[in-house]
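**Student:** Requesting a structural model of the entry that follows:
(chains A and B)
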Protein chains: 2
Amino acid sequence: MKNKIIKVLAPATVANVACGFDVLGFALSDINDELIMRLVPKRGVTIINKDDFNLPTEPTQNVIGVSILAMLEEIEGEIGFEIESTKNIKPGSGIGSSAASAAGAVYGANYLLNNRFSNEDLIRFAMCGEEVASGSKHADNIAPCIYGGFTLIRSTAPLDIIPIPSPFLYVTIVHPQIEVKTSDARSILKKQVLLSDAVKQWGNVGGLIAGLMKNDYDLISRSLVDHVIEPVRSILIPNFDEMKKRGIEAGALGGGISGSGPSIFLISKDQKTALDVEKVAKDVYSEIGLPVFTYVTNLNKRGVQIIEMN
Amino acid sequence: MKNKIIKVLAPATVANVACGFDVLGFALSDINDELIMRLVPKRGVTIINKDDFNLPTEPTQNVIGVSILAMLEEIEGEIGFEIESTKNIKPGSGIGSSAASAAGAVYGANYLLNNRFSNEDLIRFAMCGEEVASGSKHADNIAPCIYGGFTLIRSTAPLDIIPIPSPFLYVTIVHPQIEVKTSDARSILKKQVLLSDAVKQWGNVGGLIAGLMKNDYDLISRSLVDHVIEPVRSILIPNFDEMKKRGIEAGALGGGISGSGPSIFLISKDQKTALDVEKVAKDVYSEIGLPVFTYVTNLNKRGVQIIEMN
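**Tutor:** Residues are numbered from 1 along each chain as shown, chains lettered A, B, ... in the order given. Sure thing, here's the model as predicted:
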């Protein structure tokens, strides 16, 4: 058993990516949760929160705890973990806060265990954590958090994760300061969709994958359209249509709701455009007097990162 | 005006390709309709059928005629076409017989007019012909017939065709000798689909595009699954499930209904496997006493072809 202390940097992620509800996600640079982790010779997990979000420390109620406990079920012996969590990704912001906790914890734990589990195993464990946070076992934040870049979740049962090559891209995250619960955002979705809308959607998913793999920015732009989810969910986000429209007018390739919101993502080809989009966002929300946090960052092609502390 | 006589070879095509209903198609080698075409100094189109299918020769009731008339609406002057059509692709077989007529005719006509129209224009004209044949303006046979290889129809309005690079593949076409009308195959589809099925479907469309572009045969195989259309339409095709199951057991990567059927396509990595699948097909249908035509061919990466005759 390694007696190491490690720091895990688990990135924020954008799930759904317009047309790819529940199947697409990508990782962001610069915005990371931090986990300080060590092995201990006692089964279980001790969680110490180093931030002000007042998340539960009882493992069965905590995303980190549930993910680690799922992993421990497949390990024998007196092994456990002590984890100090500093969340820089605000819970409920829509950029994969719970996924960063879940994926970061199991990725770090696996590193301390000499990488005995595959990435697919880690995603399986972390999905148990996601279920605690959102009520659904989805992988579209966890997978890009672990792999970096764009990932396609072709299937969750069985799990089938496909890393998608892509050009380098800049991203503007616009986070209007309202709360949208993932469980609410899920419950307003209709259980049935029109076949004609579904056909448009899978045309766009195919177009987006092809556009990313061909480095075809115009095709990426044309494919970033959501005929199914956005028309329903966007009513939960004040000024969503206006923000998206003006972001695209400012040069963004496209965008949509990040995960289940309230954050909005806009993708740009270059940093200047992404900064222009950020300015637009500040205008759009100051016009209606709603506070907004904004970030300009880029696609993170590495995913979760480990730093040895001793 | 060129005074040429040309022969157009317009290939058979497989539309839908399991998960890609209305958005994916690919072209086949070896099975082509033949059109002998010449320009004439008189508006309109004269159609001479050189086969035994008794198709109408009145242009407004004929796929070739309607497609050419759509093109002529955008041309001024005393220009028309004389077309001898020899159909080698049996109408109603499900491998793009009407698309070969429509796409072949407008492609040939455009060649005789010194290529004044774009491929997108040609697809637009040919879709008018498809509408006469099937009652719907779909492009998933026309586009691969013109472009060759795999094509994604990201959108039909506006038209957006994306050629998809792919590895070379072998194809077994299994054509049980029953009739399935495209209009019937369309009318039995439900107008709504479960969101959960649609998500699986667009995961597979993404996986298939990525698999083709990565030359990843296993991913192609895993993605050739249709959760939406096949479960409904396959009841129109005797022994469909048995054929597909035993084809995959014989080594095929996967398959499904070709277009709206009754033909079934199975894709294989090599020719030997495609021939093994053909043997299986003969067994499967002789067991129930239903005559079957089978072909083993390969992906046609060139698409429609022009041969100058004089």
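
**Student:** CA atoms for contacts and neighbours, from now on please.
**Tutor:** Fine.

**Student:** Close to chain B: what parts of the stretch 201-310 of chain A are there?
**Tutor:** A:Q201, A:W202, A:G203, A:N204, A:V205, A:G206, A:G207, A:I209, A:A210, A:M213, A:S223 (Cα under 8 Å from any Cα of the partner chain).

**Student:** 6 Å instead, please
**Tutor:** Within the stretch 201-310 of chain A, the positions lying close to chain B (Cα under 6 Å from any Cα of the partner chain) are A:W202, A:G203, A:N204, A:V205, A:G206, A:G207.

**Student:** and these, which are buried?
**Tutor:** Taking 16 or more other Cα atoms under 10 Å in any protein chain shown as the criterion, what is buried in these is A:W202, A:G203, A:N204, A:V205, A:G206, A:G207.

**Student:** Could you list everything the residue lying closest to A:I5 once chain neighbours are set aside pairs with in the sheet?
**Tutor:** Once flanking residues are discounted, A:I5 sits nearest to A:R38: 4.9 Å by Cα to Cα, 6 or more residues apart in numbering or on different chains. Residues in a beta bridge with A:R38, per DSSP bridges, are A:I5, A:E82.

**Student:** Minimum distance to chain B, which residue of the stretch 201-310 of chain A gives it?
**Tutor:** A:G203 (4.3 Å; Cα to the nearest Cα).

**Student:** Would you mind listing the residues in contact with that residue?
**Tutor:** Residues near A:G203 by Cα atoms under 6 Å, 6 or more residues apart in numbering or on different chains: B:V23, B:R154.

**Student:** Tell me the secondary structure at it.
**Tutor:** Secondary structure state of A:G203, per DSSP: H, G, I helix; E, B strand; the rest coil, is helix.

**Student:** chain center to stretch A:154-166, what's the gap?
**Tutor:** From the chain centre to the centre of stretch A:154-166 is a distance of 15 Å (Cα atoms, centre = their mean, to the nearest Å).

**Student:** pLDDT score for the nearest residue to A:A99 once chain neighbours are set aside?
**Tutor:** Computed as Cα to Cα, 6+ apart, the closest residue to A:A99 that is not its neighbour in sequence is A:I142, at 5.1 Å. A:I142 is assigned a pLDDT of 97 by the prediction.

**Student:** Could you give the number of residues near A:V280?
**Tutor:** 18 (other Cα atoms under 10 Å in any protein chain shown).

**Student:** Please identify which helix or strand holds it.
**Tutor:** Under the criterion of DSSP states H and E, A:V280 resides in helix A:271-287.

**Student:** In that helix, which of the residues would be classed as buried?
**Tutor:** For helix A:271-287, the neighbour count (16+ other Cα under 10 Å) marks A:Q271, A:T273, A:A274, A:L275, A:D276, A:V277, A:E278, A:V280, A:A281, A:K282, A:V284, A:Y285 as buried.

**Student:** A:I79 against A:G44, yeah?
**Tutor:** No - here A:I79 does not reach A:G44: they are 7.3 Å apart, not a contact under Cα atoms under 6 Å.

**Student:** Give me the common contacts of those two.
**Tutor:** The contact sets of A:I79 and A:G44 do not overlap (Cα under 6 Å, 6+ apart).

**Student:** Mark out where each domain of chain A begins and ends.
**Tutor:** Following automatic domain parsing, one gets these domains for chain A: A:5-165+A:300-308, A:170-298.

**Student:** give me the element the closest residue to A:A139 other than its chain neighbours is part of.
**Tutor:** In this structure, A:A139 finds its nearest non-sequential neighbour in A:M127, 6.2 Å apart by Cα to Cα, 6+ apart. Assigned by DSSP H and E, A:M127 belongs to helix A:119-134.

**Student:** now A:Y111
**Tutor:** Per DSSP H and E: helix A:97-112 holds A:Y111.

**Student:** now for that helix, which elements pack on it?
**Tutor:** Secondary-structure packing of helix A:97-112 (3 or more Cα pairs under 6 Å, 6 or more residues apart in numbering or on different chains; DSSP states H and E): helix A:63-72, helix A:119-134.

**Student:** which one of the domains of chain A is the most hemmed in?
**Tutor:** Mean neighbour count (mean count of other Cα atoms under 10 Å in any protein chain shown) peaks for domain A:5-165+A:300-308 among the domains of chain A, with a mean of 22.

**Student:** Could you point out the helix or strand that follows the helix holding A:M127?
**Tutor:** As assigned by DSSP H and E, the chain's next helix or strand after helix A:119-134 is helix A:142-147.

**Student:** mind checking how far the closest residue to chain B within the stretch 1-150 of chain A is from A:I123?
**Tutor:** Here the residue of the stretch 1-150 of chain A nearest chain B is A:V23; by Cα to the nearest Cα that distance is 5.8 Å. Distance, A:V23 to A:I123, using Cα to Cα, to the nearest Å: 14 Å.

**Student:** In TSV, list the buried residues of helix A:271-287 along with distance to B:V106 and pLDDT.
**Tutor:** Converted to TSV, those look like this (distance: Cα to Cα, whole Å; pLDDT from 0 to 100):
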residue	distance to B:V106	pLDDT
A:Q271	45	98
A:T273	42	98
A:A274	44	98
A:L275	47	98
A:D276	46	98
A:V277	44	98
A:E278	48	98
A:V280	47	98
A:A281	48	98
A:K282	52	98
A:V284	49	98
A:Y285	52	98
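
**Student:** For these, give me TSV that also has distance to B:A157.
**Tutor:** Below are the buried residues of helix A:271-287 laid out as TSV (distance: Cα to Cα, whole Å):
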residue	distance to B:A157
A:Q271	32
A:T273	29
A:A274	29
A:L275	33
A:D276	31
A:V277	29
A:E278	32
A:V280	30
A:A281	31
A:K282	34
A:V284	31
A:Y285	33
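
**Student:** can you tell me which of the buried ones among the residues of the stretch 201-310 of chain A next to chain B lies nearest to B:L55?
**Tutor:** Among those, A:G203 lies closest to B:L55 (Cα to Cα), at 33.4 Å.

**Student:** Give me the pLDDT for the closest one.
**Tutor:** Per-residue confidence (pLDDT) for A:G203: 98.

**Student:** same thing with A:K2?
**Tutor:** Value for A:K2, per-residue pLDDT: 50.

**Student:** How about A:E242?
**Tutor:** 98.

**Student:** phi, psi of it?
**Tutor:** Dihedral angles of A:E242 (phi, psi; degrees, to the nearest 10) stand at phi -60, psi -40.

**Student:** Make sure A:G261 is actually in contact with A:G96.
**Tutor:** No - counting by Cα under 6 Å, A:G261 does not reach A:G96; the two are 10.1 Å apart.

**Student:** what stretches of chain A score poorly on pLDDT?
**Tutor:** Chain A contains residues with pLDDT under 70 at A:1-2.

**Student:** swap the cut-off to 90 and go again
**Tutor:** Applying pLDDT under 90 to chain A flags residues A:1-4, A:54, A:132-138, A:179-187, A:309-310.

**Student:** what does the helix or strand hosting A:K7 rub up against?
**Tutor:** For A:K7, the element it lies in under DSSP H and E is strand A:5-15. The set of residues external to strand A:5-15 that reach it, using Cα under 6 Å, 6+ apart, is A:24-28, A:31-38, A:95-96, A:100, A:104, A:140-141, A:145, A:258-259, A:304-309.

**Student:** Kindly export that strand (C-alpha atoms) in PDB.
**Tutor:** The C-alpha trace of strand A:5-15 is given here as PDB (Å, rounded to 0.1, in the frame of the first residue of the first chain):
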ATOM      1  CA  ILE A   5      -0.800  12.000  -0.200                       C
ATOM      2  CA  ILE A   6      -2.200  13.200  -3.500                       C
ATOM      3  CA  LYS A   7      -4.000  16.200  -4.700                       C
ATOM      4  CA  VAL A   8      -6.700  15.500  -7.300                       C
ATOM      5  CA  LEU A   9      -7.800  18.300  -9.700                       C
ATOM      6  CA  ALA A  10     -11.200  17.300 -11.100                       C
ATOM      7  CA  PRO A  11     -12.400  19.600 -13.900                       C
ATOM      8  CA  ALA A  12     -15.800  21.100 -14.500                       C
ATOM      9  CA  THR A  13     -17.600  19.700 -17.500                       C
ATOM     10  CA  VAL A  14     -20.400  20.600 -19.900                       C
ATOM     11  CA  ALA A  15     -22.900  17.800 -20.400                       C
END
